[in-house]
Structures are given as structure tokens and as C-alpha cells.
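S.K.: Show me how the following folds:
(one chain, ligands or ions: 1)
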Amino acid sequence: MSAPGGQQVRVLITGIGGQDGFYLSLALLRRGHCVFGIHRHDPPGEPLATLVPAGGDLQLLTGDVTDRAFLRRVVEEVAPEQIYNLAAQSRVGQSFAMAERTFEVNALAPLYLLEIIRERNPRIRFFQACSAEVFGECPRSPQDESTPFAPVSPYAIAKASAYWLVNSYRRSSGLFACSAILYNHESPLRDESFLSGKVVRSLARILVGQQQTLALGNLKARRDWGFAGDYVEAMVAMMAQAEPEDYVIASGEVHSVGEFVEEAFGYARLDWRKHVVIDAQLLRVSEAHLLLGNAGRARERLGWQPRLGFQALVRLMVDSAIEQVKAATLSAAASREH
Ligand SMILES: C[C@H]1O[C@H](OP(=O)(O)OP(=O)(O)OC[C@H]2O[C@@H](n3cnc4c(=O)[nH]c(N)nc43)[C@H](O)[C@@H]2O)[C@@H](O)[C@@H](O)C1=O
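M.R.: As a prediction, the model looks like this:
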């Protein structure tokens, strides 16, 4: 497949094994670009493994983004024109117990990449996946690109550092470097360490009698949830601009955790009150209570807007979780028979 306009771009993606890496690879391969992806585990797990036989120009490299020599070698050998830095320790709750590793992956690795670009080839375009978590306890809502940061977790502080590093290298070295301040974005690929993945999978197991209760933490926190497949389109559009700029990428719609649960259980015709229990151990030491984004700049300058709304997203995830649990139950039954 050739890229539209015949312009095939060599792209390096860190964190290709994650949810966003999957959707971004798909978006770039569909456009006919040549994708190189760094992932941590060999052989690649699902869903990455499904991309490999799907065809297209995709090559995987195994390594750790906190290994500066490895990154330098990859950039030299691959000679990318664009780098998307998606690799992250992305669990906000867990970042309190693993602050150092979170900082290494989320802040030091982007610093290494920016330095390598500056030294080796300043023409490489650089994308950084930043997070709405940087707004933390900010009293202003909705937040946009001019809203001051007020991070309240090691995760958010590391993401804020990466954001300012990108900003600094753009100003001081003239790099094409940009950050997307991404609000919560989900898909059927979300695992159970995230609220959305946990709710829909638990719900699917409750439906087939494999589980009775779902233990959750803070039901009152409010988030702006969108679909990951839509958010990677904004990333691609940002990298195609004439000038690098930072963008808030959000749906502009806010719901509480409780409303997410209610929507999912209601769709499956279950009363969530009969199943959800509050576990104080799942409450975070400190957390952002209300994150709602204003993606006006992305709408105006990139022509970007999300296609999938909250209800459609929740339903997509519930349907997919039910399919996954059914398939797992069938395959467990089949292996017991043999
Ligand atoms: C933008 C940002 O988006 C995500 O960060 P997150 O909002 O922390 O995502 P989450 O799905 O872990 O939590 C959502 C909310 O749900 C509450 N919550 C209640 N009970 C449970 C619970 O049992 N598990 C979890 N995980 N959350 C729970 C939790 O306290 C929080 O208020 C990441 O992609 C991150 O990488 C990122 O950048």
C-alpha cells in the first residue's frame, strides 16, 4: 500500500504494545506509512500480535525506553522522520508506590529522545503523549491549553515534566516537538487496572455468574472519557501541521465514575447497586476530582473532533467484554474436555 500523495513516512512509536500504540499503528499503516515500534516484551502480546500478520510495513524492536544507549541505537538504525513517544507507566494510582520508575519512563525517556533528536537529526518530528492529569487540583473547568498545571500524583508530575521539556526543546533548539494533553481515552483494549476495563470485564463475569461483586474506590471523581481510536487521529493531525503546537484532546463531556458504572450496568440490564461495593483501599492518596477538557484549539486548527460519544463508547466496551468472557469460558470448557 502506498501512502496518500506517495509520501511514505518512517515512523518510530515507543510503547507500541499499549492501547494507543495499537490504534496509532493501525492509523499509520492504513495511510501506507512505514512503522517501527518499540515494545518491552518479546514475543509481543495481544493486541500487538494481531497487527503483525495484518500486513503493512511494521517492524518491532524489543527494549526498554529508559535505556538511553538502546534508544540512540534505534534512532540511528531506523532513521525515523517522526517519533511518537507513547511509552509510559500510565497507572496514576500505582505511581504513588513506584514514583521513581514512573519518573524514569514518563519524564527521563522523553528527555533522552529529545536529546538524541537534537544531537543526531533535529529534523525528526517528535510527539509526546501528555495527560490531563497535569491539571490535577486546578479549580478551573473546563481546562484548555492556557490552564495552569496543578499535578497531584507522581504520574502527573512526571507528565508535566515531559510537557515542559518538549516546550523547552521547541523554543531553545527549534525542534518540531509537540504534546497532546490527552484526557481519559478508552477502548476494548483497556485492561483491568483502569476503571473502564475493570467495570466492563467485571460486569461480563457477573452476567455469567463467575463474579458477584465489583469493588471500586472513588465513585464521585469526574472524568472526560473518549475513544482511543479517535484520539490517535488527533496525534497524526498534530504531526502533519506546518508548526508544532500543544493541544488539549478531549470529548468536552464529563461523567462521574458512578455514572460510568450506571451506564455500563444499565446497558446490560443489571442494577449496579446490587453488585458494587466500596473498598477504601482503592481510594487514592490524592487525586484530581474533576477533569474536563476544552478541545476548541484542536477543533479549529486540526479540524479534529471525536466521533464516538460516551454512551457509544461504554456500550462498545461492554459488548466486547461480554464477547471476551464468553470466548474465555468456552476455551476453558474445551480444554477441560481434552
Ligand atoms: C488522563 C489519564 O487517564 C487515566 O487516568 P485515571 O483517570 O487515573 O484512570 P483510571 O481509569 O485508573 O481511573 C479513573 C477514575 O476512576 C476512579 N476509580 C474508582 N475505582 C477505581 C478502581 O477500582 N480502579 C481504577 N483504576 N480507578 C478507579 C479513579 O480514582 C479515577 O478517578 C489514564 O489513562 C492516565 O494514564 C491518564 O493520563
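S.K.: Could you tell me which residues of this protein lie near the ligand?
M.R.: The chain has residues 90, 92-93, 131-133, 182-184, 193-196, 198, 216-218, 221, 223, 257, 282, 284, 287 near the ligand, with proximity defined as CB under 6 Å from any ligand atom. Using the backbone N, CA and C atoms, a C-beta is placed for each residue, glycine as well.
S.K.: try 8 Å
M.R.: Counting by CB under 8 Å from any ligand atom, the chain comes close to the ligand at 88, 90-93, 131-133, 155-156, 159, 182-186, 190, 193-198, 215-219, 221, 223, 257, 260, 279, 282-284, 287-289, 291.
S.K.: For ChimeraX, write the select line for the buried members of those.
M.R.: One line in ChimeraX is enough to select the buried members of the residues of the chain next to the ligand, burial here meaning 16 or more other CB atoms under 10 Å:
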select :88,90,91,92,93,131,132,133,155,156,159,182,183,184,185,186,190,194,195,196,197,198,216,217,219,221,223,257,260,284,287,288,291
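S.K.: Mark which of the residues of the chain next to the ligand are part of strands, please.
M.R.: 131, 182, 185, 186, 215, 216, 223 (DSSP state E).
S.K.: Tell me the bridge partners for the first one.
M.R.: Right, residue 131. Using DSSP bridges, the beta-bridge partners of residue 131 come out as residue 182.
S.K.: Now for residue 123, which secondary structure element holds it?
M.R.: Using DSSP states H and E, residue 123 maps to neither a helix nor a strand.
S.K.: typed the wrong thing, it's residue 84
M.R.: Residue 84 is part of strand 82-85, with elements assigned from DSSP H and E.
S.K.: Return the alpha-carbon coordinates of that strand using CSV.
M.R.: Taking C-alpha atoms only, strand 82-85 is exported to CSV below (Å, rounded to 0.1, in the frame of the first residue of the first chain):
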residue,chain,number,x,y,z
GLN,A,82,8.8,11.1,13.1
ILE,A,83,8.8,9.8,16.7
TYR,A,84,5.6,9.3,18.7
ASN,A,85,6.5,8.8,22.4
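S.K.: Pull out the buried positions in the helix or strand that it is followed by.
M.R.: Later in the chain than strand 82-85, the nearest helix or strand by DSSP H and E is helix 99-103. The neighbour-count check on helix 99-103 (16+ other CB under 10 Å) flags 99, 102, 103 as buried.
S.K.: tell me the mean pLDDT over the longest helix seen in the chain?
M.R.: Criterion DSSP state H: the longest helix present in the chain is helix 310-337. Averaging pLDDT along helix 310-337 gives 92.
S.K.: just the helices in the protein please.
M.R.: 19-30, 48-51, 68-78, 99-103, 109-120, 154-173, 195-207, 228-239, 257-267, 296-297, 310-337.
S.K.: Make JSON lines from those helices and add distance to residue 84 to it.
M.R.: Listed next are these as JSON lines, based on distance: least, CB to CB, whole Å:
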{"stretch": "helix 19-30", "distance to residue 84": "6"}
{"stretch": "helix 48-51", "distance to residue 84": "15"}
{"stretch": "helix 68-78", "distance to residue 84": "13"}
{"stretch": "helix 99-103", "distance to residue 84": "20"}
{"stretch": "helix 109-120", "distance to residue 84": "10"}
{"stretch": "helix 154-173", "distance to residue 84": "12"}
{"stretch": "helix 195-207", "distance to residue 84": "22"}
{"stretch": "helix 228-239", "distance to residue 84": "6"}
{"stretch": "helix 257-267", "distance to residue 84": "28"}
{"stretch": "helix 296-297", "distance to residue 84": "20"}
{"stretch": "helix 310-337", "distance to residue 84": "23"}
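S.K.: rank those helices by pLDDT, which is bottom?
M.R.: Ranked by mean pLDDT, these bottom out at helix 48-51, which scores a mean of 69.
S.K.: Neighbours of residue 76, how many?
M.R.: Around residue 76 there are 11 other residues, counting by other CB atoms under 10 Å.
S.K.: isn't it right next to residue 119, touching?
M.R.: No. At 10.7 Å, residue 76 does not count as touching residue 119 under the criterion of CB atoms under 8 Å.
S.K.: Surely residue 90 touches residue 20?
M.R.: No. Counting by CB under 8 Å, residue 90 stays clear of residue 20, with 9.1 Å between them.
S.K.: any idea how far residue 34 is from residue 59?
M.R.: Distance of residue 59 to residue 34, computed by CB to CB, to the nearest Å: 8 Å.
S.K.: So which of these two has more stuff around it?
M.R.: Set residue 59 next to residue 34 and count neighbours by other CB under 10 Å: residue 34 wins out with 19 against 11.
S.K.: Who is that one paired with across the strands?
M.R.: Under the criterion used (DSSP bridges), residue 34 bridges to residue 10, residue 57.
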